[in-house]
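J.: okay, structure incoming, though there's no sequence with it:
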């Protein structure tokens with residue numbers, strides 16, 4: 001009965017978190033578009049499934065992912081084997097990304113539109129390998145007690161020349177690869193590993209040193225894929241002539257699921273979720289049983305948590321297809337066609353703000369950070385700041401789309417601004433701020449932003465529909481970093497909290 005009560009409270013809380021999204025959509029549908037859209041009931045059912053899925057997912061994290069992350073970090077710290085710890089970090093990062101469905105979709109699309117110059121499997125290896133390598137690098141940085149801000153500044157400054165040297169179409173693909181590398185499962189697990197590792201080492205600040213792994217995992221594919229694209233197209237100067245842009249995970253369509261076809265599609269979705277989780281489970285079990293050589297603590301509890309994760313992700317994914325996916329494209333197209341730029345910018349901002357508030361990975365990490373520094377990092381405040389950043393990023397991206405500003409210029413000036421804020425911000429919140437940028441573009445916001453970008457580009461008769469959608473995703477992941485860094489600068493006088 002106690003577990004059922006916890007689940008019920010989690011689902012109700014998730015339902016309350018969805019209210020901003022519902023309010024934004026209803027407001028613009030009634031006041032601006034002045035019409036009742038078709039298929040309202042499936043959208044409502046989808047939103048209910050999203051609430052149930054988030055509730056199950058968060059409970060699964062508490063029962064399985066967070067305890068496993070803490071346990072492994074403690075065991076490696078006690079064992080004192082840095083090579084095995086680095087090997088675990090690499091394998092965890094690689095396994096978490098290689099089976100990501102959105103990455104698979106991006107890779108196959110890139111192979112198609114490049115006439116085979118970019119190989120789907122090679123691209124997946126590049127992304128997964130870069131994430132694994134940088135997770136290992138982040139662990140080494142934490143153990144050696146190097147300040148995380150120098151790694152982030154150096155890495156993002158490297159993005160500036162690389163972005164200008166890369167063909168614009170490949171830049172869009174690279175930034176999308178960075179976004180999909182931070183998914184709903186890996187973000188909490190990587191964060192739990194970093195926090196657990198710092199908690200195991202004496203004299204370390206969990207808040208200052210435990211974050212930064214997610215930020216590095218998001219940054220690495222953006223550089224690696226651009227370099228890969230530069231090398232590939234250096235030998236094929238005319239290859240980009242027919243390029244139409246890469247794609248994120250397939251945008252939803254009204255596929256008329258019914259009867260046997262619906263069951264097949266549901267089973268396929270469930271198998272994809274299991275396929276995404278099993279490589280991570282295999283890595284954890286292999287290192288737990290073969291390297292650390294300790295039995296799992298509370299295996300029944302961990303198994304129950306894993307089932308909650310699977311059920312939560314399944315309900316969440318189906319809810320996205322029914323409820324959240326169609327919203328962005330439909331309303332963006334309607335607003336763009338209405339001819340009112342003010343309403344369009346306001347809607348884009350509010351939709352990004354509302355969608356970010358219900359991001360499961362953000363909710364989980366904000367709650368975790370709130371336990372480390374309750375006086376400075378109130379979870380609702382952190383979620384609000386990140387949502388504000390996503391809204392601002394989408395606003396800038398929409399202005400860019402309407403005015404035709406070059407995407408690379410906007411990205412580079414944004415990165416340079418972030419580097420300046422990084423130098424001014426308190427060191428203990430730099431890694432946390434950059435992690436939030438990766439977390440902001442995960443399983444809720446990326447599909448909504450992608451649908452929003454496609455809807456806007458179609459309505460505005462863009463020459464490259466999919467590429468323009470990528471600009472929105474990239475900016476939505478960068479502006480939250482700036483907002484949280486600004487918050488940390490203005491609250492510098494607050495006493496530091498160490499645990």
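T.: Received the coordinates, thanks. Given the structure is predicted, the values throughout are model-derived calculations rather than measurements.
J.: in terms of helices and strands, where is residue 268?
T.: helix 259-286 (DSSP states H and E).
J.: mind giving me the packing neighbours of the helix or strand following that helix?
T.: Using DSSP H and E, the helix or strand that directly follows helix 259-286 along the chain is helix 299-319. With contacts defined as 3 or more CB pairs under 8 Å, 6 or more residues apart in numbering; DSSP states H and E, helix 299-319 has these neighbours: helix 40-60, helix 66-79, helix 259-286. Yep, even glycine has a C-beta here, placed from its N, CA and C like the rest.
J.: want to throw the ones you listed into a markdown table with mean pLDDT, distance to residue 429 and mean neighbour count?
T.: A markdown table is the format used below for the helices and strands packed on helix 299-319 (pLDDT from 0 to 100; distance: least, CB to CB, whole Å; neighbours: other CB atoms under 10 Å):
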| stretch | mean pLDDT | distance to residue 429 | mean neighbour count |
| --- | --- | --- | --- |
| helix 40-60 | 77 | 24 | 21 |
| helix 66-79 | 70 | 21 | 20 |
| helix 259-286 | 74 | 28 | 14 |
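J.: for these, could you give me JSON lines that also reports distance to residue 490?
T.: Shown next, in JSON lines, are the helices and strands packed on helix 299-319 (distance: least, CB to CB, whole Å):
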{"stretch": "helix 40-60", "distance to residue 490": "30"}
{"stretch": "helix 66-79", "distance to residue 490": "31"}
{"stretch": "helix 259-286", "distance to residue 490": "38"}
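J.: how about the ones you listed, which one is nearest residue 297?
T.: Nearest of these to residue 297, taken as CB to CB: helix 66-79 at 6.4 Å.
J.: can you list the buried residues in the helix or strand harbouring residue 226?
T.: Using DSSP H and E, residue 226 maps to helix 213-234. The neighbour-count check on helix 213-234 (16 or more other CB atoms under 10 Å) flags 213-229, 232-233 as buried.
J.: which element is residue 385 on?
T.: Here residue 385 is assigned to helix 379-403, by DSSP H and E.
J.: next one: that helix to chain centre, how far?
T.: Relative to the centre of its chain, helix 379-403 is centred 14 Å away, using CA atoms, centre = their mean, to the nearest Å.
J.: now that helix: buried residues?
T.: Buried-residue list, helix 379-403, by 16+ other CB under 10 Å: 379, 382-398, 400-401.
J.: just stretch 302-316 next, same as before
T.: Neighbour-count burial for stretch 302-316, counted by 16+ other CB under 10 Å, picks out 302, 304-306, 308-316.
J.: go on, stretch 290-299?
T.: 291-292, 296.
J.: with distance to residue 181 and pLDDT as extra columns, can I get the residues you listed in a markdown table?
T.: A markdown table is the format used below for these (distance: CB to CB, whole Å; pLDDT from 0 to 100):
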| residue | distance to residue 181 | pLDDT |
| --- | --- | --- |
| 291 | 25 | 76 |
| 292 | 26 | 74 |
| 296 | 27 | 71 |
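J.: now for the helix holding residue 385, which elements pack on it?
T.: Where contact means 3+ CB pairs under 8 Å, 6+ apart, helix 379-403 is packed against helix 341-357, helix 360-372, helix 407-424, helix 430-440, helix 445-459, helix 465-490.
J.: just name the most buried of these.
T.: helix 430-440 (a mean of 29; mean count of other CB atoms under 10 Å).
J.: which other residues reach that helix?
T.: 148-149, 152, 178, 181-182, 187, 191, 207-215, 217-218, 356, 359, 361-362, 365, 369, 377, 382, 386, 389-390, 422, 425, 476-478, 480-481, 484-485, 488 (CB atoms under 8 Å, 6 or more residues apart in numbering).
J.: got a pLDDT number for residue 18?
T.: We have a pLDDT of 70 for residue 18.
J.: okay, and it sits in which element?
T.: helix 2-27.
J.: adding distance to residue 131, write the buried residues of stretch 290-299 out as JSON lines.
T.: Shown next, in JSON lines, are those (distance: CB to CB, whole Å):
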{"residue": "291", "distance to residue 131": "21"}
{"residue": "292", "distance to residue 131": "23"}
{"residue": "296", "distance to residue 131": "25"}
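J.: nearest to residue 411, of those?
T.: Using CB to CB, these come closest to residue 411 at residue 291, 40.4 Å.
J.: now the closest one: closest residue in space that isn't a chain neighbour?
T.: residue 84 (5.5 Å; CB to CB, 6 or more residues apart in numbering).
J.: quick one: contacts for the one you found?
T.: 76, 287, 291.
J.: closest one to residue 96 out of those residues, please.
T.: Minimum distance to residue 96 across these is 13.7 Å, recorded for residue 287 (CB to CB).
J.: my read: that closest one touches residue 68, true?
T.: No - contact criterion CB atoms under 8 Å: residue 287 and residue 68 do not qualify, at 10.4 Å.
J.: for residue 378, give me its contacts.
T.: Residue 378 makes contacts with residue 370, as judged by CB under 8 Å, 6+ apart.
J.: do that again at 10 Å, thanks
T.: Residue 378 makes contacts with 366, 369-370, 384, as judged by CB atoms under 10 Å, 6 or more residues apart in numbering.
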